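Student: Just need the structure, nothing else, for what follows:
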Amino acid sequence: MREKLRVAAYAVVVRDGQLLLARSPVPGGAPEWVLPGGGMEHGEDPYDTVRREVEEETGYRIEVTGLLGVNSSRRTLPGGRLSRPVDHHGVRLVYEGRITGGELRNEIGGSTELAAWQPLDAVPELVRIRLVDIALRLWRERPAVGRVAERAEG
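Tutor: Have a look, this model is predicted:
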């Protein structure tokens, strides 16, 4: 089994009761809403990663106003016909950000297809990745340890 570590940085940006999200296409499935952010490039500081990714995916420039926490997840991805299964470990740094400039726009040729503000109370009804819920809990609860216990899925 191959091992893969992916470190990424994401932003929770809330303004006027709305959360900034990006929508990611899913091959053969419904698009999912995600936090703006993504993988670090080699040698890049995560602080710079989150600022770069938010601008790429939404058009906005942000000021990072705090580190909300870190989420770590591990899962086994199946191998293909010519590849072995992968033990994937994702480490995701979740920052809080504030818009300082730019204009809302969709990403072109990237991992997302749409950027939009979503009312906080509508987020539970969206098709979204689990990290959105984890990040919102970090934002709301602001745990001293920078981590929230994940709820069992049922």
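Student: residue boundaries of the helices in the protein?
Tutor: With DSSP state H as the criterion, the chain has helices at 46-58, 130-141.
Student: Could you single out the most deeply buried of those helices?
Tutor: helix 46-58 (a mean of 21; mean count of other Cβ atoms under 10 Å). C-beta here means a position set from N, CA and C on the backbone, and glycine is covered the same way.
Student: For the residue nearest to residue 30 when sequence neighbours are not counted, list the residues it contacts.
Tutor: Leaving aside its sequence neighbours, residue 30 sits nearest to residue 127 (Cβ to Cβ, 6 or more residues apart in numbering; 5.1 Å). By Cβ atoms under 8 Å, 6 or more residues apart in numbering, the residues touching residue 127 are 30-33.
Student: coming back round to it: save the helices of the chain as JSON lines, and put in mean pLDDT and distance to residue 107 too.
Tutor: Shown next, in JSON lines, are the helices of the chain (pLDDT from 0 to 100; distance: least, Cβ to Cβ, whole Å):
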{"stretch": "helix 46-58", "mean pLDDT": "97", "distance to residue 107": "5"}
{"stretch": "helix 130-141", "mean pLDDT": "96", "distance to residue 107": "17"}
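Student: pLDDT score for the residue positioned nearest the centre of the chain?
Tutor: What sits nearest the mean C-alpha location of the chain, by Cα atoms, centre = their mean, is residue 35, with 3.7 Å. pLDDT, residue 35: 98.
Student: Need the helices of the chain in JSON lines (columns: distance to residue 10).
Tutor: Compiled in JSON lines, the helices of the chain are given as follows (distance: least, Cβ to Cβ, whole Å):
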{"stretch": "helix 46-58", "distance to residue 10": "7"}
{"stretch": "helix 130-141", "distance to residue 10": "6"}
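Student: and of those helices, who's closest to residue 108?
Tutor: Shortest distance between residue 108 and the helices of the chain, using Cβ to Cβ, is found for helix 46-58: 9.6 Å.
Student: what's the offset of that closest one from the middle of its chain?
Tutor: Chain-centre distance of helix 46-58: 11 Å, with Cα atoms, centre = their mean, to the nearest Å.
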